[in-house]
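>>> Here is my input; please provide its structure:
(chains A and B)
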2 protein chains.
Amino acid sequence: MLSTFASDIEISRAQTPKPVDQLAEEIGLLPEELEAYGRSKAKVRLSLLDRLHKQPDGKYVLVAGITPTPLGEGKSTVTIGLVQALSAHLKLNSFACLRQPSQGPTFGVKGGAAGGGYAQVIPMEEFNLHLTGDIHAITAANNLVAAAIDARMLHEATQSDKALFNRLVPSVNGVRRFSPIQISRLCRLGINKIDPASLTPQEVSTFVRLDLDPSKITWQRVVDTNDRFLRKITVGQASTEKGQIRETGFDIAVASEIMAILALADSLVDMKNRLARMVVGTSRSGQPVTAEDLGVSGALAVLMKDAIKPTLMQTLEGTPVFVHAGPFANIAHGNSSVLADKLALKLVGCDGFVVTEAGFGADIGMEKFFNIKCRASGLRPNVVVLVATVRALKMHGGGPNVILFYYGFSIVGKGGCRSNLRKQIQIAQLFGVPVVVALNVFKTDTQAEIDLVCEIAKECGASNAVPCHHWSQGGRGSLELAQAVNEAASRPSHFKFLYNIEMPIVEKIRTIAQQVYGADDIELSPEAKAKIDYYNQQGYGSLPICMAKTHLSLSHMPDKKGVPTGFVLPIRDVRASIGAGFIFPLVGTMSTMPGLPTRPCFYDIDLDPVTEEITGLF
Amino acid sequence: MLSTFASDIEISRAQTPKPVDQLAEEIGLLPEELEAYGRSKAKVRLSLLDRLHKQPDGKYVLVAGITPTPLGEGKSTVTIGLVQALSAHLKLNSFACLRQPSQGPTFGVKGGAAGGGYAQVIPMEEFNLHLTGDIHAITAANNLVAAAIDARMLHEATQSDKALFNRLVPSVNGVRRFSPIQISRLCRLGINKIDPASLTPQEVSTFVRLDLDPSKITWQRVVDTNDRFLRKITVGQASTEKGQIRETGFDIAVASEIMAILALADSLVDMKNRLARMVVGTSRSGQPVTAEDLGVSGALAVLMKDAIKPTLMQTLEGTPVFVHAGPFANIAHGNSSVLADKLALKLVGCDGFVVTEAGFGADIGMEKFFNIKCRASGLRPNVVVLVATVRALKMHGGGPNVILFYYGFSIVGKGGCRSNLRKQIQIAQLFGVPVVVALNVFKTDTQAEIDLVCEIAKECGASNAVPCHHWSQGGRGSLELAQAVNEAASRPSHFKFLYNIEMPIVEKIRTIAQQVYGADDIELSPEAKAKIDYYNQQGYGSLPICMAKTHLSLSHMPDKKGVPTGFVLPIRDVRASIGAGFIFPLVGTMSTMPGLPTRPCFYDIDLDPVTEEITGLF
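As a prediction, this is how the structure comes out:
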């Protein structure tokens, strides 16, 4: 252990990770199942899932949180501390499944996201930077779709049916043939012909014209940078685009539907099918237009073929970690991937533990974990660990913001615990899974505060509530949590979904708003109503719901701490991610692109060009 | 060898690459100098250069081309065939240095760029897709700068000097400190103070306000996708950006100044310094504003710390290849990296050969290789290999375009050879380096055509001219070329630059236009004139020139084949890449963002989700 004042990166650098091939051997991987990226991270091939097909799954633990402060309450450190304790101290096979950080927050406000103190994934700079390129692959795939959409609209606007057909189905050495992706489109159009010459002029026109309505394109471009000036833009203003301008925008890359597909797919076949099904907009006659209609879905699968493999890393104490899929449970579903969880559950075996993380508070990350991810995976968690901090509870108890948290014991007791913590425990209980509260202890917390929070948590229905000292002590500091989780996992879990998938879209949204957020009701904008009618008409009515809502409050109002009541949840707009498989309501003014503050954290990030050491990533 | 009809990817897949650690051992790398990315590619650490510091360099061969058809004439295949022949047949250590392909053309018009037939880099799909993430890192770094620019302008527009100062130099635990990057800015401003409290109000204002003139921002965003609708856009239209809209655009990622820096830097220190010096725009008072002024240069170095290491791969015959930096010699400098060349020259030793590639015709890629890259590296080439095809020569001889090349022998003889080939040989001779013409033979070429081209090439001043059959025969098919290159490399080379770096900017541009392109003169737009005056005033007058000109003609007019004469070269605009170290004139209507055609090649690209095999990358 270094001094108490050591920074995360100093602690990370003081530990030499074991070679990733040694780690892989320890956890039972075959050499041919591993693709090393440098010495300390590797992609794991999906063939592993076939090999371990008959192996029983381990115990499945979800780490969620109370409503956080803007700085986060330490779900990643709790996850890492917990697997370190389970492994090193209880001698149980265990695996953490984390999400790859977005470079937006890393260079924006939040800094790195590899955990912290003695509960980190190492090397933390590799975790926080490009990793094995998954988010970059998603960005490339997402933006290829966007370029294909606009280019296709331009070409359709400037060419006759015949010219389009001659270019789309060119004569090569005197022979015209449809490509397989074109035959799929013909099938969907009900044109069961494979000889291009046999199409009638009407069929040619139907085939060559996607006829996208520029005002109904839902596909956005993405970058993995907090670039607020791209929230709303006008494209196509160069003279070469012949006046085909339109308004659109960029989202942060991790909010791409392709990220959600990466997270929810359970095989390469499933990923490819989901990519093909993605709806990018609507034709002028009201038909959905898909990535496959654009001819781009095969290329997307090619761009994503490595990204679908989870990345193996390790904690500071050498416990295995899968890093896969992305954060932002507010504007995405924000859970680690189904495939990482499934692979890890096989690898740990029936007595082992897989600890996976859901973003932000239980109201968003956990709700989506249960209603979206568990539906996709078929997996059922044994225990929910709910992370709380005295700092956040003080904020909910009346502290105006996180910077000024010098509030006393009484505020914690009366306000924060009896409100937000209780409510978040109740949310977990809606799903029938035992809850263990993990109080992430900061050095400024008093023993009285710690005892009170744990006591109230148990009163509020938690199976157990324990303080955690992983930040300063590593796995040893989470031993009590590991014991509590191990005990809770042996109890029966009565998992149930919050809503029936066949309920109308509006009812599903209302159920989440009322039962999870505590809203009186929901209020749909005319735009949201029209979209829902359209999605129902298109047969998308029985998809689960992925709410885009602030993570800073149970409500849609970031300033309303504790347990807000007496509010109506405004649904500004609704999108549909058909490939990912969910309906995506936008709540209030929620933005899908963060911004940079006056002094982004990049001011402190630097590289010593001689030692190659990085400073300022924390 | 497979059948004559085997596709590039079938040939690639039929050969199992040797494990990259075995390849590394064969060429003399130590295990700790290698960072494997999967089994068949690895990054090579720059510490190698220190270790081999005293080793003499090998022979240095540049592969350039005649003015190409839109499909390319095979410089990559010639490069690969040549190193295969030098290695396997002449038993000389050799190394190819290639550029990483852009995903724009890969999914746009051109397809992959790993060579072809029996002269390929394998596995070709890894070469053509994300490789080791360099272009993605460049994109991330470039766009972080862009986000920082717009966010900074917004924050300056909406805050007082005092508020800006309080945020830029916050009080942490009661102490205010400048970060090192802020101290650099203070030094440049002539404010030699390190105590934030000691700044006068005027100094605070000077320090906190970059005062960027929105109409004089030269930094563009980038994507590695052919997205023509991003050529000209308006950003900042969301209400959160408070009306700070402006027109800007995206370039293709490989045209980013950061790519040029990656290619031209000779160490991590040099790269970091160049990143800090990049000028992103001008203040309202006419001062250049740099990446370091934005506080982002340390973060850029962190984002680029792995990208600066060249990627080691191999040819189909197991010859080592470095893949580093990017293509597009028309709108970028388009050469492989200085570091890859330097590392390779040390690794092959004094009798060995390094064959490096310059993009497109000798008029652009080679001219930039000599005048920009050789100036930055201090390296001097021994031989230029000029690649020609009968197909392209027929086009220059009068064929209207590449699709219709059924022209006879006489047109080749009279037109193409005696014009474009002669001119491109003469351009190479301007630099005093021996030229070997490599005729890349297609199966449709007749023996009479082949003989005539070689004969004329020698008449026009080539040291030698030989037919190459590497596409169908691999290294064996390039044996004659290897012998010719080996022989030419033993002759004296009298290398000289085309222009003196101290000549005025306009004179340097004119020299290239007249002596290389054959223009009568140049014509500067008022905008270009004003920019040049400004750059002179800022002390950037003695930088080399990187012309952005079409690759499809010696002139600025893509349709003018052969050797156009009697034209005046229009300089539409001039940019300055101060970090990369060149002045960047835009010739004619040259666009820095390609577009997608009606049927992009992604229509044929697909992935078999069971076998994981890719089709349609060629």
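
>>> The top helix by length along chain A to helix B:134-158, inter-axis angle?
The longest helix of chain A (DSSP state H) is helix A:134-158. Calculated by axes from the mean of the first three to the mean of the last three C-alpha atoms, to 10 degrees, helix A:134-158 forms an angle of 80 degrees with helix B:134-158.

>>> Quick one: mean pLDDT over helix A:134-158.
Averaging pLDDT along helix A:134-158 yields 97.

>>> what comes up buried for it?
Neighbour-count burial for helix A:134-158, counted by 16 or more other C-beta atoms under 10 Å in any protein chain shown, picks out A:134-156. C-beta: built from backbone N, CA, C; applies to glycine.

>>> Repeat that for stretch A:54-64.
A:57-64.

>>> Please apply the same query to stretch A:242-257.
A:244-245, A:248-257.

>>> out of these, who's near chain B?
Restricting the buried residues of stretch A:242-257 to those adjacent to chain B (criterion: C-beta under 8 Å from any C-beta of the partner chain) gives A:244, A:249.

>>> Turn the buried residues of stretch A:242-257 into a markdown table, columns for secondary structure and pLDDT.
Shown next, in a markdown table, are the buried residues of stretch A:242-257 (DSSP: H, G, I helix; E, B strand; the rest coil; pLDDT from 0 to 100):
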| residue | secondary structure | pLDDT |
| --- | --- | --- |
| A:Gln244 | coil | 93 |
| A:Ile245 | coil | 96 |
| A:Thr248 | strand | 97 |
| A:Gly249 | coil | 97 |
| A:Phe250 | strand | 98 |
| A:Asp251 | strand | 96 |
| A:Ile252 | strand | 95 |
| A:Ala253 | helix | 96 |
| A:Val254 | helix | 94 |
| A:Ala255 | helix | 93 |
| A:Ser256 | coil | 96 |
| A:Glu257 | helix | 97 |
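
>>> farthest pair in the buried residues of stretch A:242-257?
A:Gln244 and A:Val254 (29.4 Å; C-beta to C-beta).

>>> what's the closest of the buried residues of stretch A:54-64 to A:Ile191?
Closest approach between those and A:Ile191, by C-beta to C-beta: A:Asp57, at 45.2 Å.

>>> Tell me who's in contact with that closest one.
For A:Asp57, the contact set (C-beta atoms under 8 Å, 6 or more residues apart in numbering or on different chains) comprises A:345-346, A:350, A:379.

>>> Only the buried subset of these, as a PyMOL command please.
Burial among the contacts of A:Asp57 is assessed by 16+ other C-beta under 10 Å; the matching PyMOL selection reads:
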select buried, chain A and resi 345+346+379
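
>>> how about CSV for the contacts of A:Asp57, with distance to chain B, secondary structure and pLDDT added?
CSV is the format used below for the contacts of A:Asp57 (distance: C-beta to the nearest C-beta, whole Å; DSSP: H, G, I helix; E, B strand; the rest coil; pLDDT from 0 to 100):
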residue, distance to chain B, secondary structure, pLDDT
A:Leu345, 22, helix, 98
A:Lys346, 20, helix, 97
A:Cys350, 29, coil, 94
A:Leu379, 22, coil, 96
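
>>> now the residue lying closest to A:Pro196 once chain neighbours are set aside: how far from B:Asp604?
Spatial nearest neighbour of A:Pro196, excluding adjacent residues (C-beta to C-beta, 6 or more residues apart in numbering or on different chains): A:Arg176 at 4.4 Å. According to C-beta to C-beta, to the nearest Å, A:Arg176 and B:Asp604 sit 14 Å apart.

>>> for the residue in the stretch 501-618 of chain A positioned nearest to chain B, what are its contacts?
For the stretch 501-618 of chain A, the residue closest to chain B is A:Asp606, as judged by C-beta to the nearest C-beta, at 3.3 Å. Neighbouring residues of A:Asp606 by C-beta under 8 Å, 6+ apart: A:614-616, B:180-181, B:298-299, B:301-302.

>>> hmm, 7 Å instead?
Going by C-beta atoms under 7 Å, 6 or more residues apart in numbering or on different chains, A:Asp606 touches A:615-616, B:180, B:298.

>>> Among these, name the ones in helices.
Those of the contacts of A:Asp606 mapping onto helices are B:180, B:298, per DSSP H.

>>> Show me the strands in the stretch 351-500 of chain A, by range?
A:353-361, A:383-388, A:435-440, A:464-468 (DSSP state E, counting those that start in this stretch).

>>> Nearest to A:His551, out of the ones you listed?
Checking those against A:His551 by C-beta to C-beta gives strand A:353-361 as the closest, at 3.6 Å.

>>> Now do the closest one against strand A:383-388, angle only.
40 degrees.

>>> Mind putting the contacts of A:Asp57 into CSV with distance to A:Val390?
Shown next, in CSV, are the contacts of A:Asp57 (distance: C-beta to C-beta, whole Å):
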residue, distance to A:Val390
A:Leu345, 33
A:Lys346, 38
A:Cys350, 37
A:Leu379, 33
